[in-house]
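Below are the sequence and a predicted model; questions follow.
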Amino acid sequence: MEQKTFDVILDKAIDNGVDWLNETFSSFFSFFNSIISGSVTVVESSLLWIPFYIIIIVFGYLAWRFAGRWLTLITVIGFLFCYSMNLWQETMITMAIVIVATLAALVIAIPFGILAALNQTANQITRPVMDFLQTMPPYVYLIPAIALLGFGRCPAVVATAIVALPPTLRLTNLGIRQVPAEQLEVGRAFGASSRQILFKIQIPHALPTIMAGINQSLMLALSMAVIAGIIGAGGLGKNVYAAIRYLEIDKAFDAGLAIVILAIILDRISQASINLFRKGPQ
Amino acid sequence: MNLPTISLGKYIESFVNWLSVYVYEPFDLLSIIMDAAIAQVEKVLLFPPAWLMVVLFGLVAWKFAGRGTAVFTVLGLAFCLLLNLWEETMLTTALVAVSTTMALFIAIPLGIIAGLNNTADQIARPILDLMQTMPPWVYLIPAVILFSLGRTPAIIATAVFAIPPPLRLTNLAIRQVPPEQVEVGRAFGANDLQILLKIQLPAAMPTIIAGVSQCIMMALGMVVLAGLIGAGGLGGEVVRGLTRMQLGVGARSGLAIVILAIIFERVSLGAINLFQKGPQKQ
């Protein structure tokens, strides 16, 4: 009996707490919600406004520039395939969510990663937090997101950004720590301030590692953006979720294939851009 | 500009439908076996009084991962008991146990073959890439069509999803065995089987265990998602919370998943460390 009452009390307490948060900070949450949803809408509608062949050409050019002929071919054929599966719109919505969420994750992860690299205390605080974030099954993040932000794009972007945070933060931290001590010495010997050392020595040197982190973040964001279909994020995830409810293999498989294509294109282009950065400083 | 509409999913759908109509016997048989297996494991986990199970899990954690993890395990599981989620927690554990076992039975032999044979490796690699980029949900749909709703499709989909990491790491581990060790074996006249069982596998053990631990974590993530197709357990509760906006239920079961994830991760990390120390002692 006692156990029953405890969990009922806890349920009530959580419900009341969430209600209280929603009522007390409603203006904050709706402000936050409108910023995030607004930016997703802007990205999404501009991706959809541009004719699809121009997007294909742009991505094809990026692929050619960063990685060469093979990737260009894969990109162009892959995107054309998405288009001919009638999934262009969904693909672009998913891409918009991934872009906004990854950008949000980077805005948080890179400064904190730099902080953690320069400051031992910050490092000791962020490390267990990142461990914790990476242990969770990603779909657990949907619960607080939906509690505070409701259904729709905004909780999806927030949950996706949280999932995408750890790799960039960890690798930024690692990249800055791996800068050889001699290079810092040289900077100091020339009388550079800590800020100059950071921006002109440490960050440029750490850039390939940071880019590797961004690549991983992008991939995690894509997988989470799909899972977020369950809370009304739209895009390819919505198709997969709807297909599960109605057991439509064909739709699920097509959407899955479009996700694989998007994953391959984003992964290869961002990986190839790491090599570009690596070549740069040498 | 109009492109012809292509849908590979249509072919997959008709293939799966054909399977489910004409070849249903093996699937039915597998379904019966799986249901029986999971029911047995569940019975064993739920048969002793809950406090005894908590202590037993604590002892296992203590043996593998030391005192801190043992304390966390006991407190965490006691908390699950207090949350009135004991049965769901045990069902989720049972699902993870059965599907991980199944995944390992397939992954480790195939990994060994891929480790020994370059052709097998080249065949396996793109398939594994595809499997890992497909969003996990997509596996649920053919599983549901072939095995109907419930636990069996959840186990099968989870096992399929959890195969790649142990397969990759077994492959890697066998390839990383120093050639000198294999040479020594040959010089003593060992045959291929003896070399495999007495040299390569023992040397590869720590990496294989790392694959097993990744397999367990992925299985946990997927079992939670499998709540969508009526597998029950903690995932089912989360889905109930998310779709009916009963945040208390969702958050409570989310908490239990978090506890379970941390326990599994700690214990399997401890097991890796144990194995890594093992061979060095000799």
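Structure received.

host element of B:Phe15?
For B:Phe15, the host element (DSSP states H and E) is helix B:8-22.

Mind listing what's buried along that helix?
Neighbour-count burial for helix B:8-22 flags B:Gly9, B:Ile12, B:Glu13, B:Val16 (criterion: 16 or more other Cβ atoms under 10 Å in any protein chain shown). Heads up, the C-betas are built off the backbone N, CA and C, glycines and all.

Reformat those residues as JSON lines; add distance to chain A and pLDDT.
Output for the buried residues of helix B:8-22, formatted as JSON lines (distance: Cβ to the nearest Cβ, whole Å; pLDDT from 0 to 100):
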{"residue": "B:Gly9", "distance to chain A": "3", "pLDDT": "78"}
{"residue": "B:Ile12", "distance to chain A": "5", "pLDDT": "81"}
{"residue": "B:Glu13", "distance to chain A": "4", "pLDDT": "82"}
{"residue": "B:Val16", "distance to chain A": "5", "pLDDT": "81"}
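
quick one, what contacts A:Phe59?
A:Thr75, A:Val76, A:Phe79, A:Ile265, A:Ile269 (Cβ atoms under 8 Å, 6 or more residues apart in numbering or on different chains).

Just the buried subset of the residues you listed, written out for PyMOL, thanks.
Restricted to buried positions by 16+ other Cβ under 10 Å, the PyMOL selection for the contacts of A:Phe59 reads:
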select buried, chain A and resi 75+76+79+265+269
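
what's around B:Ala39, how many residues?
Counted with other Cβ atoms under 10 Å in any protein chain shown, the neighbours of B:Ala39 add up to 12.

quick one, phi/psi of it?
Dihedral angles of B:Ala39 (phi, psi; degrees, to the nearest 10) stand at phi -60, psi -40.

What's the separation between it and A:Met85?
In this view, B:Ala39 and A:Met85 are 41 Å apart by Cβ to Cβ, to the nearest Å.

swap in A:Thr91?
Distance, A:Thr91 to A:Met85, by Cβ to Cβ: 9 Å.

shared neighbours of those two, which are they?
A:Ala258.

For whatever residue of the stretch 101-250 of chain A ends up closest to chain B, the count of nearby residues, please.
Distance from chain B to each residue of the stretch 101-250 of chain A (Cβ to the nearest Cβ) is smallest for A:Asp250, at 3.4 Å. Per other Cβ under 10 Å, the neighbour tally for A:Asp250 reads 18.

next one: B:Ala94
For B:Ala94, the count of nearby residues is 24 (other Cβ under 10 Å).

Now it: which helix or strand?
Using DSSP H and E, B:Ala94 falls within helix B:86-116.

same question, B:Met131
helix B:118-133.

orientation of that helix relative to helix B:86-116 in degrees?
Angle, helix B:118-133 to helix B:86-116, by axes from the mean of the first three to the mean of the last three Cα atoms, to 10 degrees: 150 degrees.

From A:Ala233, how far off is A:Glu90?
A:Glu90 is 11 Å from A:Ala233, where distance means Cβ to Cβ.

Next, work out how far apart B:Val21 and B:Leu8 are.
Look at B:Val21 and B:Leu8: by Cβ to Cβ, they are 21 Å apart.

got the buried residues for stretch B:240-248?
For stretch B:240-248, by 16+ other Cβ under 10 Å, it's B:Gly241, B:Leu242, B:Gln246, B:Leu247, B:Gly248.

where does the stretch 1-150 of chain A dip in pLDDT?
Applying pLDDT under 70 to the stretch 1-150 of chain A picks out residues A:1-5.

Just list the residues touching the residue sitting nearest the centre point of chain B, thanks.
By Cα atoms, centre = their mean, chain B has its centre lying nearest to B:Thr100, at 3.1 Å. Counting by Cβ under 8 Å, 6+ apart, B:Thr100 makes contact with B:Ala159, B:Ala162, B:Val212, B:Cys215, B:Ile216, B:Ala219.

and with 6 Å instead?
B:Thr100 sits next to B:Cys215, B:Ile216, B:Ala219 when contact means Cβ atoms under 6 Å, 6 or more residues apart in numbering or on different chains.

likewise B:Ile12?
Going by Cβ under 6 Å, 6+ apart, B:Ile12 touches A:Ile249, A:Phe253.

Looking at A:Glu90 and A:Ala233, which one has more neighbours?
Neighbour count, other Cβ under 10 Å: between A:Glu90 and A:Ala233, A:Ala233 has more, with 30 against 23.

Near B:Arg125, how many other residues are there?
Residues lying near B:Arg125 (other Cβ under 10 Å) number 13.

try B:Leu197
Neighbours of B:Leu197 using other Cβ under 10 Å come to 11.

so how far is A:Thr168 from it?
B:Leu197 is 43 Å from A:Thr168, by Cβ to Cβ.

what helix or strand does the residue of the stretch 151-282 of chain B found nearest chain A sit in?
Residue nearest to chain A within the stretch 151-282 of chain B: B:Gly248 (2.9 Å; Cβ to the nearest Cβ). Assigned by DSSP H and E, B:Gly248 belongs to helix B:247-281.

got the angle between that helix and helix B:86-116?
For helix B:247-281 against helix B:86-116, the angle by the same axes, to 10 degrees is 40 degrees.

ok so, going back, from the buried residues of stretch B:240-248, which single one is nearest B:Arg175?
Ranked by distance to B:Arg175 (Cβ to Cβ), the buried residues of stretch B:240-248 are led by B:Leu242 at 42.7 Å.
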